[in-house]
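1. turn this into a model:
(2 chains)
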There are 2 protein chains.
Amino acid sequence: MTRVHTRAAIERALAGLDLVPAIEAGFVALSEGRANVPPVGELIVEKGEVHIKYGAIAGDDRYVVKVASGFYGNPARGLASGNGLMLLFDQETGVPTDVLLDEGHLTDMRTAAAGAVAAKHLAPRDGGPVGIVGTGVQARLQLRLLRGVVPCMHAVVWGRDPAKVARYRADMAAEGFEVVAARNAAELAAQCRLIVTTTPATAPLLTGAGIRPGTHITAIGSDTPHKQELDAAILARADRIVADSRAQALLRGEIHKALAAGVLEMARVVEIGEVIAGRAPGRTSPDQITVFDSTGVAVQDIKIAAAVAARLAG
Amino acid sequence: MTRVHTRAAIERALAGLDLVPAIEAGFVALSEGRANVPPVGELIVEKGEVHIKYGAIAGDDRYVVKVASGFYGNPARGLASGNGLMLLFDQETGVPTDVLLDEGHLTDMRTAAAGAVAAKHLAPRDGGPVGIVGTGVQARLQLRLLRGVVPCMHAVVWGRDPAKVARYRADMAAEGFEVVAARNAAELAAQCRLIVTTTPATAPLLTGAGIRPGTHITAIGSDTPHKQELDAAILARADRIVADSRAQALLRGEIHKALAAGVLEMARVVEIGEVIAGRAPGRTSPDQITVFDSTGVAVQDIKIAAAVAARLAG
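-> Numbers count the residues shown, from 1 in each chain, chains lettered A, B, ... in the order given. Below is the predicted model of the structure:
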């Protein structure tokens, strides 16, 4: 019998779930070559676009198909532009076991969980307040998910729209965070040694000179060939550069930009799955600058879907 | 709110639905270039294979994603090897509107409906008993769906396994059909001028010489580059050769085999959507031999899913 779960039920399940080990296991499977992830399917219709991501990890109980959409006229109708659902199937029989009607929330959560995984392995021990660049969904979720891995109840936020910054501070205060606003990204970088960038910027927000020794940056926003939040000089100067997927980093995100600028060589890039498994070094001294470049990989979808479905079943 | 429908509910909806106009509309949309059908996604896991078919017809309310699987160890566990589901989404917003947990039944039904569409446009007016080659699911559904379009209460069946033939005759008798068994395919061809082939054969079952003038053949079974039910000489000799999709007929099915044998040129092949729309001739005299080669196209999935969902909503 196929079980169908609403977003409300999925959110309740997430509340009791530690996503960090699930997402770590996904990254390790990817780096060890145990993930079978075919190319993304794409359907373009008049009002929007649809992406179909799917794959299986050898040895897992389930395979996962995710349908995610972006319809940019939706906000004018009072709907979120993004939507989506995930389907789980039994890897032994093909029987559909679960339909997760998450409306795209699991994609947001698995992205936020990647930030927590990166901070766990790369952030300095005492980084002071956490710096959050941006004021949207990921700016909120990243801070919320960091709670389980690093001290983060004090944060500094920077965003271009003062009204959104104010709303962000109020919303996060309601969750118990004390968030102050920086006047600009440089001021934020001067105060924080754990920085998470979460914007759709297409030109660098953080400059190389502004980053202090001992800083870890998780770059969430750039997931296409065109988006960029970090000056390539940051990657040129960083001691450790960590991708979610080396194959994907060649084509999109901050690493792609630094490679294109000629200031970075792929040989310097390791995968977070290698760091987690201890096969590549993460942070080895307090003064190192580390960068994690998140572009989003299907193993995150597979693992969050399986974790949520298992909790809903149990 | 996403509606979720079980196979039982879907079967009840199908009982009151005339699929012929829905599938006709799909074929016409395909032939008129209004269907956007990206390449099929494929995921191979240890115990089975999964195909993801998806697409949209311009002007329709919905787009459709179908996940279909074949796990060949399933029968040993008491499960069907095939499974599947279809998802419908609003073309204006991307909101998932319906999950059809049909277990692959809608794929079987849309395939059977294509046979009815072909018979409607190509079968001779009085073809005598209907000839059914094969004794499986399609052998049953083809006869059942023909009921709406041609006289078909008398049929002749041929299959290699006498026990399956006997079961087929009994099952169809329970539905009101009078089915006699032929000793071989040639005997069947000598008695029937509407023949439907439904087997996974990889070598021809029907020969060119055995087909009488005025016969229409619907070839359902061959949907890969390797399967073949009709001798290429039948296509060489036929007056009308009709594909569901010319693009697909180049790569798989009976037309592909006859092209490879050098006895057919693509210029002779028309699409069923062109015949339905009156832009290509169908049967124009009682003595013509016509062949419809079904390989299965995503517009059939889109249209059957939309028709069932609309009925379930209403």
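2. contact partners for whatever residue of the stretch 151-300 of chain A ends up closest to chain B?
-> For the stretch 151-300 of chain A and chain B, the shortest gap (Cβ to the nearest Cβ) falls at residue A:298, measuring 10.7 Å. Placement of C-beta: from N, CA and C, glycine included. Residue A:298 sits next to A:35, A:37, A:53, A:54, A:55, A:64, A:66 when contact means Cβ atoms under 8 Å, 6 or more residues apart in numbering or on different chains.
3. just those: which are in strands?
-> Judged by DSSP state E, the contacts of residue A:298 include A:35, A:53, A:54, A:55, A:64, A:66 as members of strands.
4. closest to residue A:13 among those residues?
-> residue A:64 (15.8 Å; Cβ to Cβ).
5. correct me, but that closest one touches residue A:305?
-> Yes - look at residue A:64 against residue A:305 with Cβ atoms under 8 Å: they come within range, at 4.8 Å.
6. overlap of the contact sets of those two?
-> With Cβ under 8 Å, 6+ apart, residue A:64 and residue A:305 have common neighbours A:86, A:88.
7. now neighbour count and pLDDT too, for the ones in strands among the contacts of residue A:298, in CSV please.
-> Converted to CSV, these look like this (neighbours: other Cβ atoms under 10 Å in any protein chain shown; pLDDT from 0 to 100):
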residue, neighbour count, pLDDT
A:35, 23, 97
A:53, 24, 94
A:54, 27, 96
A:55, 22, 97
A:64, 26, 98
A:66, 25, 98
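8. can you name the two of these that are farthest apart?
-> A:35 and A:66 (14.1 Å).
9. list the contacts for the nearest residue to residue A:34 once chain neighbours are set aside?
-> Nearest non-adjacent residue to residue A:34, counting by Cβ to Cβ, 6 or more residues apart in numbering or on different chains: residue A:58, 4.6 Å away. For residue A:58, the contact set (Cβ under 8 Å, 6+ apart) comprises A:29, A:34, A:35, A:36, B:46.
10. among those, which one sits closest to residue B:131?
-> Nearest to residue B:131, judged by Cβ to Cβ, of the contacts of residue A:58 is residue B:46 at 40.5 Å.
11. give me the neighbour count for that closest one.
-> 12 (other Cβ atoms under 10 Å in any protein chain shown).
12. isn't it up against residue A:93?
-> No - applying Cβ under 8 Å as the test, residue B:46 and residue A:93 come out as separate, 11.7 Å apart.
13. which residues in the stretch 51-200 of chain A form helices?
-> Ranges of helices in the stretch 51-200 of chain A, per DSSP state H, counting those that start in this stretch, are A:105-122, A:137-146, A:162-174, A:185-191.
14. go on, the stretch 201-314 of chain A?
-> Per DSSP H, counting those that start in this stretch, the stretch 201-314 of chain A carries helices over the ranges A:232-237, A:246-249, A:253-260, A:272-276, A:298-313.
15. what's in contact with stretch A:287-296?
-> Contacts of stretch A:287-296 (Cβ under 8 Å, 6+ apart): A:107, A:110-111, A:114-115, A:118, A:122-123, A:211, A:213-220, A:222-223, A:230, A:234-235, A:237-245, A:248-249, A:252-255, A:272, A:282-283.
16. quick check, pLDDT for residue A:314.
-> Confidence at residue A:314, expressed as pLDDT, is 79.
17. pull the contacting residues for the residue most central in space within chain A.
-> Nearest to the geometric centre of chain A sits residue A:111, at 2.8 Å (Cα atoms, centre = their mean). If you count contacts by Cβ under 8 Å, 6+ apart, residue A:111 has them with A:138, A:141, A:220, A:294, A:296, A:300.
18. which residues touch the third one?
-> By Cβ under 8 Å, 6+ apart, the residues touching residue A:220 are A:111, A:114, A:115, A:138, A:142, A:196, A:197, A:198, A:294.
19. got TSV for those, with pLDDT too?
-> Below are the contacts of residue A:220 laid out as TSV (pLDDT from 0 to 100):
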residue	pLDDT
A:111	97
A:114	98
A:115	98
A:138	97
A:142	98
A:196	98
A:197	98
A:198	97
A:294	97
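20. same list (the residues you listed) but as TSV, adding distance to residue B:100.
-> Putting the contacts of residue A:220 into TSV (distance: Cβ to Cβ, whole Å) gives the following:
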residue	distance to residue B:100
A:111	30
A:114	33
A:115	37
A:138	33
A:142	37
A:196	40
A:197	41
A:198	37
A:294	35
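21. which one of the residues you listed is nearest to residue B:22?
-> Nearest to residue B:22 among these, with distances taken as Cβ to Cβ, is residue A:111, at 39.7 Å.
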